[in-house]
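Visitor: sequence and predicted structure below; questions after.
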Amino acid sequence: MTQSCGKLLLDAVRTPAMAVTLDLRSWDDLLRLARRANLISRLAEGIDQAGVLNKLPAPVRPHLIAASALAQHQRRAVIWETRHIGTALSALGIPIVLLKGAAYSMAGLQAATGRLYGDVDILVPATRINEVEAALMLHGWSAGHVDAYDNRYYRRWMHELPPMVNIKRGTVVDVHHNILPLTARNHPSAEKLLAASLALPEAPFHVLSPCDMVIHCATHLFHEGELNNGLRDLFDLDALVQEYAENDASFWTTLPERAKELDLEWPLRLAFRYLERFLGTRIPEQAKTSVKQSPILASLRDVMYLPGFLPDHPLCSGYRSFLARGLLYLRGHYLRMPLRLLAWHLGRKAFIRLYKNKSRSC
Amino acid sequence: MKEETAVVVGDLSLQQLHDALKQGVFAVRTGPLLFRIQSDFEDVARSIHALYSGHPCQIAPEFSDFHVEVRAPLNLRRWFRPQAEFFIDGEPPFEPLPRDQAPALLEWGMNWTIAASCHQWFTLHAASLERDGLAVILPAPPGSGKSTLCAALALRGWRLLSDELTLLDPNSLCANALARPINLKNASIDLMRKFAPTAIWSPESYDTQKGRVAHLCPPVDSVRRMADKAEPRWVVFPKYVPDADPLLTPRSKTQTFMPLAENAFNYGTLGEPGFDAIARLLDQCSCYDFIYSRLEDALEVFEWLAATSGLNAQGQQSSAEAQ
């Protein structure tokens, strides 16, 4: 069941035209898995683009129409929101680098197809972060209800400010000064990322260079303690590398070099491994060998990632995925901070949760 | 769509229903949607058995629109001050509630599911009822007496489409019927018990976020005809005011636009088609404010409203009738 449920979802999102061959019972599973993996809109827009919506069973169509409507709305909304952020920050005269979903949308990349968004992420120079925060606050964003501990945690250890919520629209912007926490084991240079970033025609925005965008997506994905959006991020990566490789013949040689330069080879290595494994992405041998790792380590990681990437849905959950999720959670935290700090942080979190549960009125 | 077998929930014994719910194979049709429900809880089974007795049901259908579950959380709250939690596709969209509110939680969870996912329709937070193929839409904030009025009308000559969620096809603007149980709160419960002594109810839940709540079984005819859509003809904003005499006042359409948009769950999500749907809806509907305190008065006013259906939205006789 586990294997087949993953295959059903992956095949359908990768090759939407094959969806016409599915029977109703498979659709019953597919829609649920796609919803859980945050891939339903990508599936819906893929089916739209393949022009096969009308060939699908009648009970299925309304769900895909609804998911397409949601994706279109989110695309409009992210552009609208980004414009507001631009207005708020334009006076500072610094390049605002859009990250992840907002970057894919604003740069008009394939990866934006059917993508659903949480919040807008931006990267700014660490030396200017106070000005950015102040400018956002003047335009209606604030850190909302963050307690003193969390506030200090963010400002002392993390690579971003506490999420800033817009008072009118309820939208969230995450302001980063780097792509990994200060406490993480790897220390990519934010200056290098900023220096290589490319201006979009629509000022004041920049996006990361093609290689950096791929490396950032991979770094983010493989530092996560939970993979709720894991498959979605893999599909993002797949779309990015395919589009970039098509436009630039040297992409596959520069990508590993750049990863080495940023001290982020291992996330790229894992990205290659699981892109091939799950999505069948074609990655040239020479790119793979330049970031090779020992087969033993690789198979150890597979214990976590092979079940971990599948949707956390009753249809494909079992003790293996439960175990994998637990390991991923620990690993995500382990990568983000030293053990002593981690023990203190997790201990406090557990204590707070216990306390909150007790006081919850019912 | 395949013709469904005419088995209704009432054809199953309580035990059969409970077993099917436990195995997660039970599915019930509510208007255009088929919900597959899983729950071990006996009170959930009893509530479904009472409230959905006339609704078509299926065992392990090939396809269901949504798979939902109500169960105990996987932590100490299973035993200690027990709770119930609502899941859709293995994910709980909101916080658990005390265990005895499980049947109400299922109803609210189903509402949430529709409001959050069904952008194939223009979804309004409004009650709607039908008479002679025409629908009246009652949008209003909580506390305005919308559900009470809806229940009274549904029990006296109007066909219940929905007490909470009005689902309009964005092209034809026709209103779909859900024919789900009507959620009533606090004093409304006692009022409706007096109004309709023979009606069937869910057990009452106390101390919920909304106070004391109970669900009223939808009238048999509404359930039987839940596949029939209706064409919106009136938009009425009801308001319960203690001791008030009934007062129905026309509203300008321009001033009705924004309140309708605010009561829509997916006005923003639909974007231009949402704007367009409200504009066309207002073109074909007469709009009113309605203040009332006594249900008898309200029924009389709505009878009058139904009698004006020959008039077009501008309040003039339609040309067919004039000739």
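Guide: Nice, thanks for sending it over.

Visitor: which helix in the chain has the most residues?
Guide: Assuming you mean chain A. helix A:61-89 (DSSP state H).

Visitor: let me rephrase: I mean chain B.
Guide: helix B:102-117.

Visitor: which strands or helices does the one helix or strand residue B:191 maps to pack on?
Guide: Using DSSP states H and E, residue B:191 sits in helix B:187-195. If you count contacts as 3 or more Cβ pairs under 8 Å, 6 or more residues apart in numbering or on different chains; DSSP states H and E, helix B:187-195 packs onto helix B:146-155, strand B:211-216. C-beta here means a position set from N, CA and C on the backbone, and glycine is covered the same way.

Visitor: average pLDDT for it, rounded please.
Guide: Averaged over helix B:187-195, pLDDT sits at 91.

Visitor: that helix to helix B:146-155, inter-axis angle?
Guide: Angle of helix B:187-195 versus helix B:146-155, following axes from the mean of the first three to the mean of the last three Cα atoms, to 10 degrees, is 20 degrees.

Visitor: burial measure for residue A:226, as a count.
Guide: Residue A:226: 12 surrounding residues under other Cβ atoms under 10 Å in any protein chain shown.

Visitor: on that earlier part again, after the helix holding residue B:191, which helix or strand is next?
Guide: By DSSP H and E, the next helix or strand past helix B:187-195 is strand B:205-208.

Visitor: quick revisit: could you see whether chain A lies near the longest helix of chain B?
Guide: Yes: residues of helix B:102-117 contacting chain A under Cβ under 8 Å from any Cβ of the partner chain: residue B:117.

Visitor: that helix: which residues count as buried?
Guide: Across helix B:102-117, burial judged by 16 or more other Cβ atoms under 10 Å in any protein chain shown covers B:102-115, B:117.

Visitor: okay, now residue A:14: neighbour count?
Guide: 16.

Visitor: which residues does it contact?
Guide: A:279, A:280 (Cβ atoms under 8 Å, 6 or more residues apart in numbering or on different chains).

Visitor: for residue A:142, same thing?
Guide: Counting by Cβ under 8 Å, 6+ apart, the residues that residue A:142 touches are A:164, A:165, A:167.

Visitor: just the buried members of these?
Guide: Of those, these count as buried by 16+ other Cβ under 10 Å: A:164, A:165.

Visitor: strands along the stretch 101-250 of chain A, start to end?
Guide: A:120-123, A:141-142, A:164-166, A:172-176, A:198-199, A:205-207 (DSSP state E, counting those that start in this stretch).

Visitor: dump those to TSV, plus mean pLDDT.
Guide: What follows is the strands of the stretch 101-250 of chain A, written out as TSV (pLDDT from 0 to 100):
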stretch	mean pLDDT
strand A:120-123	94
strand A:141-142	92
strand A:164-166	92
strand A:172-176	93
strand A:198-199	94
strand A:205-207	95
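
Visitor: so of the ones you listed, which one's packed in deepest?
Guide: With neighbours taken as mean count of other Cβ atoms under 10 Å in any protein chain shown, the strands of the stretch 101-250 of chain A reach their highest mean count in strand A:120-123, at a mean of 25.

Visitor: got the buried residues for the helix holding residue B:191?
Guide: B:188, B:189, B:191, B:192, B:195.

Visitor: repeat that for stretch A:254-270.
Guide: For stretch A:254-270, by 16+ other Cβ under 10 Å, it's A:254-256, A:258-259, A:261-262, A:264-270.

Visitor: ok, which pair from these is furthest apart?
Guide: Pairwise distances across the buried residues of stretch A:254-270 (Cβ to Cβ) peak at 19.1 Å, for the pair A:254 and A:270.

Visitor: was I right to think residue B:45 contacts residue B:13?
Guide: No: Residue B:45 lies out of contact with residue B:13 (Cβ atoms under 8 Å); the separation is 10.4 Å.

Visitor: of those two, who's got more company?
Guide: Between residue B:45 and residue B:13, residue B:45 has the larger neighbour count (other Cβ under 10 Å), namely 24 against 10.

Visitor: that one sits in which helix or strand?
Guide: Assigned by DSSP H and E, residue B:45 falls in helix B:42-51.

Visitor: run the chain-centre distance for the very next helix or strand once past that helix.
Guide: Downstream of helix B:42-51, the next assigned helix or strand under DSSP H and E is strand B:57-59. Counting by Cα atoms, centre = their mean, to the nearest Å, strand B:57-59 is centred 21 Å from the centre of its parent chain.

Visitor: for stretch A:178-185, same thing?
Guide: For stretch A:178-185 - counting by Cα atoms, centre = their mean - the centre lies 16 Å from the chain centre.

Visitor: ok, back up a step: any chance of the buried residues of stretch A:254-270 in JSON lines with pLDDT and distance to residue B:304 as columns?
Guide: Conversion of these to JSON lines gives the following (pLDDT from 0 to 100; distance: Cβ to Cβ, whole Å):
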{"residue": "A:254", "pLDDT": "95", "distance to residue B:304": "77"}
{"residue": "A:255", "pLDDT": "96", "distance to residue B:304": "74"}
{"residue": "A:256", "pLDDT": "94", "distance to residue B:304": "78"}
{"residue": "A:258", "pLDDT": "95", "distance to residue B:304": "75"}
{"residue": "A:259", "pLDDT": "94", "distance to residue B:304": "75"}
{"residue": "A:261", "pLDDT": "93", "distance to residue B:304": "79"}
{"residue": "A:262", "pLDDT": "92", "distance to residue B:304": "75"}
{"residue": "A:264", "pLDDT": "91", "distance to residue B:304": "73"}
{"residue": "A:265", "pLDDT": "90", "distance to residue B:304": "78"}
{"residue": "A:266", "pLDDT": "89", "distance to residue B:304": "75"}
{"residue": "A:267", "pLDDT": "91", "distance to residue B:304": "70"}
{"residue": "A:268", "pLDDT": "94", "distance to residue B:304": "73"}
{"residue": "A:269", "pLDDT": "92", "distance to residue B:304": "75"}
{"residue": "A:270", "pLDDT": "92", "distance to residue B:304": "71"}
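
Visitor: coming back round to it: which helices and strands sit right next to the next helix-or-strand element following the longest helix of chain A?
Guide: Per DSSP H and E, the first helix or strand lying C-terminal to helix A:61-89 is strand A:96-99. Secondary-structure packing of strand A:96-99 (3+ Cβ pairs under 8 Å, 6+ apart): helix A:61-89, strand A:120-123, strand A:205-207.
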